[in-house]
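**Student:** no sequence on this one, just coordinates:
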């Protein structure tokens, strides 16, 4: 039978409930009608229990529908039995089915009602096990005999004798005495005598006498495990009776006890596992851990070694490289006189093989093999040429190299020139044929490293080897395509009514937009609507525009169609003037698709359009809060480079096995994205502690940007399905403005993934970063410039289009990168770009709410003062008119009927399922926007606090310098002059106002917030 195990570890920061500033908490867990509780921890607001409560699961398939109710109570001995300290309800859907998959979660304690005063959290570890569950004992078990049914664990409580048994004589007790507990695991023996502690215990219960206890006697516990036997006498010697444990104050040798059945242990047995030490109040470590790896930049010899100069943020990893170029004059080995040669390179137990080339005596391979030097198991390199055959492959010849004699190559030296070597037979004699080879020792800085076959990928086939290599990708350059549909003329509809309904449809790739339907009594409908699409270089697509007539609901007829190449649409670099609108001929659908049959028609319908490529915008493919690229699409409007960002991807540790079902661990690789440059490290196979040690560089154009690094498990190794999806291991975001210039940051970053079961830590990623500024004046000037290009402020894109355009840009980037080799798959791109960030999330909304509350806590006194004024407690101000119900403020004037029907609906709802589903989707959409607004409010406050916290050291330094200058200005200038100047600037004429945001606003928007730190 399956068991549910609930490990109650500890709680922290509980609410004092005993009237003396403390509490005596215990935990009660209820599952499927079963109820168990832990021991009471007296006078402890941060208790630690470390107890396992085990429940029976009647139907494992019904577990996702069950609920685990965990309640923390305060044990009040004088007065009510207990008071409420908080509760947690956990769905059975989140329970893993093995102890190895279970992790410790800290759950905040929930209130029981609106007026409950609850705080604190509790640490739990919950999992399900199949079959018999072995519970580690607290003390040594004696003569543990396995039974078919789980034994009953009994608690002997000497404080409740009168409640349990009426026989025996109980003498007067002294105050403040402690309970003495003795635990037995009593079996259901079939023997007649029933010997052992069970029988002795019964006799003690029925005819025992409890003597007077001494004051302040401590708690005594003894555990025994008594099995069940099928024999007549109990099957073996019985365990000794419980011996009293002295506490130093004197404990009587014989004491009667009350038996209280406990069900929190399914089976008592010998301890076979090591229990984790868990300290009370300790929370899981989700923070950064600073490290000191032996990288060249930290060890101070950056200029001494050329290799260290190129790869100074990662540890040097030495490799033995073997470049198999070609062979010539190979002998014929088959009876037919043909030869199918291939080369086998062997170093110890590692063996690399080239492809075999059919019927070729002068083959060319150009294959590089890389063997990790720290894993070399032999001093000889054996290069063997073989003939591929149906049965056993034939030996052609071989060449040996001594590892100690291999030369060391240091980049940027030129590649080592390959040499011709004579082949030898197995006796060491020269044979016909030569092979061209190059053998050298190098590091991961070698240009042959990315394309080489690595010894740790020896089990990968040649077809799947490309999926494990490191690559650099560039996302396509994106543009906004603006289409203004003005009007159409001379349409020829088939159905002519008094009023006809026309609309225009535009399609660019998978992007489809339609105008609003217009009902007119003539053939010249007008729309005058603007639409925006996302186009990408090299502009191979066509935009298809059609005018259609709605004949009936769900039935439309095409009046005419137009195909325009995006390459022929003129670009627009500034906002001064839109290009002139043009009239285009509308063709019948058959003629519009046949470009080669261009016939001049005497009459055709026309459509009036204004088309342009808005190259002055930046196409947002991710969110501006953690964007890595803010450049305009046009290369003529781009900012100058201000610095260089160097990233060293060192290693990872404590990764979880992602392929445990397949008998493997994890095939991990990293992806980093900054600007339009994506990098992918090589895949390290079947390891939980990968060491990549790869370094990459980006040019930086704006310091207020974010670099994103993700770790994934490669699911496209041998035998993998083509539609398999790479699994997420975790993601890290780092804002460049929070990095000091020329400082090296080396930390372990936690890899956190939010799942249905909760937040899960998949390991830690070790990174090294350095931001080097090459243009200080330009970088400081960036703090006074807008984040986005000028077009975003002169002609802003409507907010209702932004999410749709961002989604289309993400789809284009994902489709383009998935066509590379090896492909950067769609699930990787969507995870790196946070494709679902705008969707409704209660968790994210709570996070934004707490961000706001933490900001508002400092101005609570000001709010209270203002509230007193509003309530006439401090009547300094007076309203000009009486308050009244404002319909416009209440949004009641133009509310659609469906929203009003939803507002007056009953609770629970009485509407059909389809209507409820539509309203739920609408609620998610609205809530997503509210969530975004709440996050933006929190961002503004955090930007203000960032000035004081030195998160962006350059911005804080600028504020301090400007504050000093302003203070000197106020000191030497009369206050009246300052007030007049400020008033004149504030009330200046609109002619002297600019549509561009001011320098202080630009500076403020560039300050860092905690948005990029959110999951």
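**Tutor:** Good, I have the coordinates. Predicted, not measured: the structure shown is a model, and the values here were computed from it.
**Student:** on the three-state scheme, residue 951 is what?
**Tutor:** Following DSSP: H, G, I helix; E, B strand; the rest coil, the label given to residue 951 is coil.
**Student:** mind checking how far it is from residue 740?
**Tutor:** 11 Å (CB to CB, to the nearest Å). Placement of C-beta: from N, CA and C, glycine included.
**Student:** so between those two, which is more surrounded?
**Tutor:** For residue 951 and residue 740, the more surrounded residue by other CB atoms under 10 Å is residue 951, and the numbers stand at 19 against 13.
**Student:** my guess is residue 653 meets residue 748, correct?
**Tutor:** Yes - applying CB atoms under 8 Å, one finds residue 653 in contact with residue 748, separated by 7.3 Å.
**Student:** what about the longest strand in the protein?
**Tutor:** The strand that spans the most residues within the chain, counting by DSSP state E, is strand 758-773.
**Student:** which other residues reach the very next helix or strand once past that strand?
**Tutor:** Downstream of strand 758-773, the first helix or strand assigned by DSSP states H and E is helix 776-782. Among residues not part of helix 776-782, those counted as contacts by CB atoms under 8 Å, 6 or more residues apart in numbering are 639, 640, 642, 643, 702, 703, 704, 773, 954, 958, 1006.
**Student:** give the contact list for the most centrally placed residue in the chain.
**Tutor:** Residue closest to the average C-alpha location in the chain (CA atoms, centre = their mean): residue 753, at 3.9 Å. Under the criterion of CB under 8 Å, 6+ apart, the neighbours of residue 753 are 728, 729, 730, 731, 759, 760, 762.
**Student:** mind checking what secondary structure the first one has?
**Tutor:** Spelled out, it's residue 728. Going by three-state DSSP, the state assigned to residue 728 is strand.
**Student:** isn't it up against residue 751?
**Tutor:** No - under the contact definition of CB under 8 Å, residue 728 does not touch residue 751, with a separation of 9.0 Å.
**Student:** re the thing from before, now the common contact residues for residue 653 and residue 748.
**Tutor:** The overlap between the contact sets of residue 653 and residue 748 (CB under 8 Å, 6+ apart) consists of 764, 766.
**Student:** coming back round to it: next, the buried residues of the longest strand of the chain.
**Tutor:** 761, 762, 763, 764, 765, 766, 767, 768, 769, 770, 771, 773 (16 or more other CB atoms under 10 Å).
**Student:** who does it touch, helix- and strand-wise?
**Tutor:** strand 643-653, strand 706-713, strand 727-735, strand 744-755 (3 or more CB pairs under 8 Å, 6 or more residues apart in numbering; DSSP states H and E).
**Student:** mean confidence (pLDDT) on that strand, please.
**Tutor:** Along strand 758-773, the predicted confidence averages to a pLDDT of 90.
**Student:** ok, then the element right after the host helix or strand of residue 479?
**Tutor:** Applying DSSP H and E as the criterion places residue 479 in strand 478-489. Tracing the chain past strand 478-489, the next element assigned as helix or strand by DSSP H and E is strand 500-508.
**Student:** distance between stretch 486-493 and the chain's centre?
**Tutor:** Here the centre of stretch 486-493 is set off from its chain's centre by 51 Å, with CA atoms, centre = their mean, to the nearest Å.
**Student:** buried sites along it?
**Tutor:** Buried residues in stretch 486-493, counting neighbours by 16+ other CB under 10 Å, are found at 486, 487, 488, 491, 493.
**Student:** end to end on it, go ahead and measure it.
**Tutor:** Across its full length, stretch 486-493 reaches 19 Å end to end, with CA to CA, to the nearest Å as the criterion.
**Student:** give me the contacts around it.
**Tutor:** 500, 502, 504, 523-528, 547, 549, 557, 559-560, 581, 586, 603-610.
**Student:** filter the residues you listed to the buried ones?
**Tutor:** Neighbour-count burial within the contacts of stretch 486-493 applies to 500, 502, 504, 523, 525, 527, 547, 549, 559-560, 586, 605-609; the criterion is 16+ other CB under 10 Å.
**Student:** out of those, which two sit at the greatest distance?
**Tutor:** Considering CB to CB, no two members of these lie farther apart than 500 and 609, which are separated by 21.0 Å.
**Student:** which pLDDT value goes with residue 283?
**Tutor:** The pLDDT attached to residue 283 in the predicted structure is 42.
**Student:** quick revisit: more neighbours: residue 653 and residue 748, which one.
**Tutor:** Looking at residue 653 and residue 748 with other CB under 10 Å, you find the greater number of neighbours at residue 748, namely 21 against 13.
**Student:** need the helices for the stretch 851-1000 of the chain, in chain order.
**Tutor:** Remark: helices of the stretch 851-1000 of the chain, listed N- to C-terminal, are 860-870, 897-903, 913-949, 953-972, 975-986, 999-1005; assignment by DSSP state H, counting those that start in this stretch.
**Student:** ok, which of those comes nearest residue 626?
**Tutor:** Put simply, out of the helices of the stretch 851-1000 of the chain the one that sits nearest residue 626 is helix 913-949, at 11.1 Å, with distance taken as CB to CB.
**Student:** packing partners of the closest one?
**Tutor:** Contact partners of helix 913-949 among helices and strands, from 3+ CB pairs under 8 Å, 6+ apart: helix 842-856, helix 953-972, helix 999-1005.
**Student:** ok, residue 728 and residue 751, which is more surrounded?
**Tutor:** For residue 728 and residue 751, the more surrounded residue by other CB under 10 Å is residue 751, and the numbers stand at 24 against 19.
**Student:** that one: what's it in contact with?
**Tutor:** With contact taken as CB under 8 Å, 6+ apart, residue 751 is in contact with 652, 655, 711, 729, 730, 731, 732, 761, 762, 763, 764, 765.
**Student:** not counting its neighbours along the chain, what's nearest it?
**Tutor:** Across the structure, with CB to CB, 6 or more residues apart in numbering as the measure, the residue nearest residue 751 apart from its sequence neighbours is residue 730 (2.4 Å).
**Student:** count of neighbours near that neighbour?
**Tutor:** Using other CB under 10 Å, the number of residues around residue 730 comes to 23.
**Student:** any idea how far it is from residue 653?
**Tutor:** Counting by CB to CB, the gap from residue 730 to residue 653 is 12 Å.
**Student:** what touches both of these two?
**Tutor:** Overlap between the contact sets of residue 730 and residue 653, as judged by CB under 8 Å, 6+ apart, is given by residue 763.
**Student:** may I see the buried residues of stretch 39-52?
**Tutor:** Judged by neighbour count using 16+ other CB under 10 Å, the buried positions of stretch 39-52 are 39-42, 44-52.
**Student:** would you list those in a markdown table and tack on secondary structure, pLDDT and distance to residue 921?
**Tutor:** Formatted as a markdown table, the entries for these read as follows, by DSSP: H, G, I helix; E, B strand; the rest coil; pLDDT from 0 to 100; distance: CB to CB, whole Å:
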| residue | secondary structure | pLDDT | distance to residue 921 |
| --- | --- | --- | --- |
| 39 | coil | 91 | 49 |
| 40 | coil | 91 | 48 |
| 41 | coil | 90 | 47 |
| 42 | coil | 87 | 52 |
| 44 | coil | 87 | 48 |
| 45 | coil | 88 | 44 |
| 46 | coil | 88 | 44 |
| 47 | coil | 91 | 44 |
| 48 | strand | 92 | 45 |
| 49 | strand | 92 | 44 |
| 50 | strand | 92 | 45 |
| 51 | strand | 93 | 44 |
| 52 | strand | 92 | 43 |
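**Student:** can you list the weak-confidence ranges in the stretch 351-500 of the chain?
**Tutor:** In the predicted model of the stretch 351-500 of the chain, residues 458-459, 498 satisfy pLDDT under 70.
**Student:** now the strands for it?
**Tutor:** Using DSSP state E, counting those that start in this stretch, the strands assigned to the stretch 351-500 of the chain run over residues 364-372, 380-387, 394-402, 419-424, 430-443, 453-454, 471-474, 478-489, 500-508.
**Student:** looking at those strands, which is nearest to residue 839?
**Tutor:** When the strands of the stretch 351-500 of the chain are compared by CB to CB, strand 478-489 sits nearest residue 839, at 22.7 Å.
**Student:** just give me how far that closest one sits from the chain centre.
**Tutor:** For strand 478-489 - counting by CA atoms, centre = their mean - the centre lies 38 Å from the chain centre.
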